[in-house]
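only the shape, not the letters, is given here:
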């Protein structure tokens, strides 16, 4: 199979032209980089992904990670990839120079990860969890913890995880019971964690777990949760490693991402599991969630990458598969004509354009969030930093959710393009469909993200973040009005923004009355509305840039490429954006059918 899983021109167009990476590179924090160096880096990543990731994608699914004789057996490429991740800076890219990292802009790091995830969405998870765990240590751990663990994690020698979920707790972290008992300068840890991605695997020298646990005697609920570094093997005084009583007791066999292991861990089976407190006691949940922005952007990015890979696989098939004939002017088929390629059938084109508009819109959303993250860290003006922090906070649940939910639909359309072959293991679409299903569950389900958006982010600072985002959209609408071909689309987006504001006001009436259950009852529907409009805005931005480049006469991107971006925007505004009308109708309906206190509704 040819390596047609991504279009690098689209990635670079959105990164360099639409979201203007240069704005970030001009900041002192990122002075070591320029557009040429980032461009070369992305080409090197694509070359690596072609050779060391994509060829193993199907193989890892057919030979999944599994538990055997007390160990998790993984594909040999996992350990090779972890080592390469250290050597090539995949792990250290986002870390500061002081922490031993490369201090690369988040926009560039996310672009690199996106290429890797499109090539093989199973391998990058091992690095992603290591990055998340190391970030927690660098932000909140003391010097000893940083010196002991971070260098080996950034080098890819030691893996990392974040351990939250327990069998009885699930998403309800206030019910965590894993216990930490003071024992001199350390704590004895006892309990179990489930669904721990990359939790253990054969060949890994060490796994560093960041564990949420409750110190004995701590307050109940989330206020009593602390964060601990709990390595599988603890460093010994002689410079070696000693088993730290962290046992892998099982794994979870999954419908997708089968090469990415998910484990069930037990801590302290022999009462010899030691943990080191990170930061202050009882602040664990706050620490963990301060790192969630990056994790949730990563989930959205992974879903977008799968959607992109599935789109290119189905596009390739449509360009190769002859079937049926075009209708003649009489409305009949001429059976004497040769069969036409299925890409010439309007319904197949509709499905392909849907995939294209969702995948590229999702990529734009991810890179915009990454840009906001970069600016929130690097701008010298504190008010400007605060502005981009608020915008990032507002976008984060959308970035996680839109690619995950809409990506599922897009990949499903890819299967449909292949017809019966899409359902067969000979073709890769069925694997993409299985793989993407977990992304709307990872790092907080769609329902949780939606309640975060409507319950916390929309009212945040009296709606200031929402006002800032509306102002950004207004700038894009104003710019689009300078292009005659885009004026009608700009006006349509303006109407949708006003309609969304009316929906927010309607819902806030419930909150103002103290009826928070009704306020949040349809939060997931609101997420769909808000995400749809947000991506519509980003498509208008993309079309604006394409029009500008066409006017400039630049030959960096072909006219066909630029016209295709404008066509995809028109498709989105014709087929996707109108769905917000029915969503707004649902959200403003007063019936409240899901909150009625009547158990007989399921009779």
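Thanks, I have the structure now. Treat the numbers as computed from the prediction; the structure is a model and nothing was measured. Residues are numbered from 1 along each chain as shown.

I'd like the average pLDDT over stretch 563-570.
Stretch 563-570 carries an average pLDDT of 98.

what do you get for stretch 595-603?
Average pLDDT, stretch 595-603: 78.

list the contacts of it.
517-518, 521, 593 (CB atoms under 8 Å, 6 or more residues apart in numbering). For the C-beta atoms, the positions are set from N, CA and C on the backbone; glycine is no exception.

and these, which two are furthest apart?
517 and 593 (13.0 Å; CB to CB).

before we move on, back to that, of the contacts of stretch 595-603, grab the buried ones for PyMOL.
Listed next is the PyMOL selection for buried residues among the contacts of stretch 595-603, using 16 or more other CB atoms under 10 Å:
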select buried, resi 518+521
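
which SS state does residue 182 fall under?
On the three-state scheme (DSSP: H, G, I helix; E, B strand; the rest coil), residue 182 is labelled strand.

now for it, how many residues are close by?
Counted with other CB atoms under 10 Å, residues neighbouring residue 182 total 13.

do the same with residue 281
Residue 281 is flanked by 16 other residues according to other CB under 10 Å.

which stretches of this protein form strands?
Using DSSP state E, the strands found in the chain span residues 66-68, 71-73, 159-163, 179-183, 186-197, 207-215, 225-231, 233-235, 241-243, 246-251, 262-267, 274-277.

can you list the weak-confidence ranges in the stretch 401-550 of the chain?
Within the stretch 401-550 of the chain, no range satisfies pLDDT under 70.

all helices for it, in order.
With helices called from DSSP state H, counting those that start in this stretch, the stretch 401-550 of the chain shows them at 429-436, 446-452, 460-480, 487-512, 516-521, 523-552.

coming back round to it: let me have the strands of the chain in CSV, extended by distance to residue 303 and mean pLDDT.
Compiled in CSV, those are given as follows (distance: least, CB to CB, whole Å; pLDDT from 0 to 100):
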stretch, distance to residue 303, mean pLDDT
strand 66-68, 25, 96
strand 71-73, 25, 95
strand 159-163, 19, 95
strand 179-183, 34, 97
strand 186-197, 15, 97
strand 207-215, 24, 97
strand 225-231, 27, 97
strand 233-235, 34, 97
strand 241-243, 36, 97
strand 246-251, 23, 96
strand 262-267, 17, 97
strand 274-277, 33, 98
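
can I get those in CSV including distance to residue 374?
Shown next, in CSV, are these (distance: least, CB to CB, whole Å):
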stretch, distance to residue 374
strand 66-68, 40
strand 71-73, 36
strand 159-163, 23
strand 179-183, 36
strand 186-197, 26
strand 207-215, 24
strand 225-231, 26
strand 233-235, 34
strand 241-243, 37
strand 246-251, 36
strand 262-267, 31
strand 274-277, 31
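
residue 357: which of these is closest?
strand 186-197 (30.1 Å).

quick one: which of the helices of the stretch 401-550 of the chain is nearest residue 401?
Closest to residue 401 of the helices of the stretch 401-550 of the chain is helix 446-452 (CB to CB; 4.7 Å).

neighbours of the residue lying closest to residue 165 once chain neighbours are set aside, how many?
Counting by CB to CB, 6 or more residues apart in numbering, residue 165 lies nearest to residue 195, which is 4.9 Å off, once chain neighbours are set aside. Using other CB under 10 Å, residue 195 has 18 neighbouring residues.

quick check: residue 195 vs residue 260, distance?
12 Å (CB to CB, to the nearest Å).

try residue 297
18 Å.

how about residue 202, what does it touch?
71-74.

one more time with 6 Å, if that's ok
Residue 202 makes contact with 71, 73 under the criterion CB atoms under 6 Å, 6 or more residues apart in numbering.

mind pulling the model confidence for it?
92.

what values do phi and psi take at it?
When quoted as degrees, to the nearest 10, the phi and psi of residue 202 stand at phi -60, psi 130.

with the one 4 residues further on instead?
Note on residue 206: its backbone torsions stand at phi -160, psi 150 [degrees, to the nearest 10].

and it, how far is that from residue 74?
In terms of CB to CB, residue 206 sits 15 Å off from residue 74.

before we move on, what about residue 480?
Residue 480 sits 49 Å away from residue 74, going by CB to CB.

how many other residues sit next to the nearest residue to residue 561 once chain neighbours are set aside?
Leaving aside its sequence neighbours, residue 561 sits nearest to residue 9 (CB to CB, 6+ apart; 6.1 Å). Using other CB under 10 Å, residue 9 has 12 other residues around it.

try residue 108
Residue 108: 28 surrounding residues under other CB under 10 Å.

cool, and residue 336?
The local packing of residue 336 (other CB under 10 Å) involves 6 other residues.

again, but for residue 553
6.

give me the pLDDT for it.
At residue 553, the model reports a pLDDT of 92.

what's the separation between it and residue 587?
Here the criterion is CB to CB. By it, residue 553 lies 45 Å from residue 587.

go on, residue 244?
50 Å.

cool, and residue 369?
Look at residue 369 and residue 587: by CB to CB, they are 24 Å apart.

out of those two, which sits in the busier spot?
residue 369 (28 against 22).

and the more buried one, what pLDDT?
With respect to pLDDT, residue 369 has a value of 98.

OK, contacts around it?
Here residue 369 is in contact with 297, 395, 399 (CB under 6 Å, 6+ apart).

mind redoing it with 8 Å?
By CB under 8 Å, 6+ apart, the residues touching residue 369 are 297, 300, 392, 395-396, 399.

so what's the residue count around residue 284?
By the measure other CB under 10 Å, the count of residues near residue 284 is 31.

equivalent analysis for residue 387, please.
Residue 387, neighbours per other CB under 10 Å, totals 20.

look up how far residue 372 lies from it.
Relative to residue 372, residue 387 is positioned 9 Å away (CB to CB).

ok, the spatially closest residue to residue 220 that is not a sequence neighbour to residue 225 distance?
Closest residue to residue 220 apart from its sequence neighbours, by CB to CB, 6+ apart: residue 174 at 7.6 Å. Remark: distance between residue 174 and residue 225 (CB to CB) = 8 Å.

who has more neighbours, these two?
Taking other CB under 10 Å, residue 174 and residue 225 do not tie; residue 225 has more neighbours (26 against 12).

that one contacts residue 176, doesn't it?
Yes: here residue 225 reaches residue 176: they are 6.0 Å apart, a contact under CB atoms under 8 Å.

which one is residue 453 nearest to, not counting chain neighbours?
residue 397 (4.3 Å).

same check, this time on residue 377
Residue nearest to residue 377 in three dimensions, not counting chain neighbours: residue 29, with 6.6 Å by CB to CB, 6+ apart.
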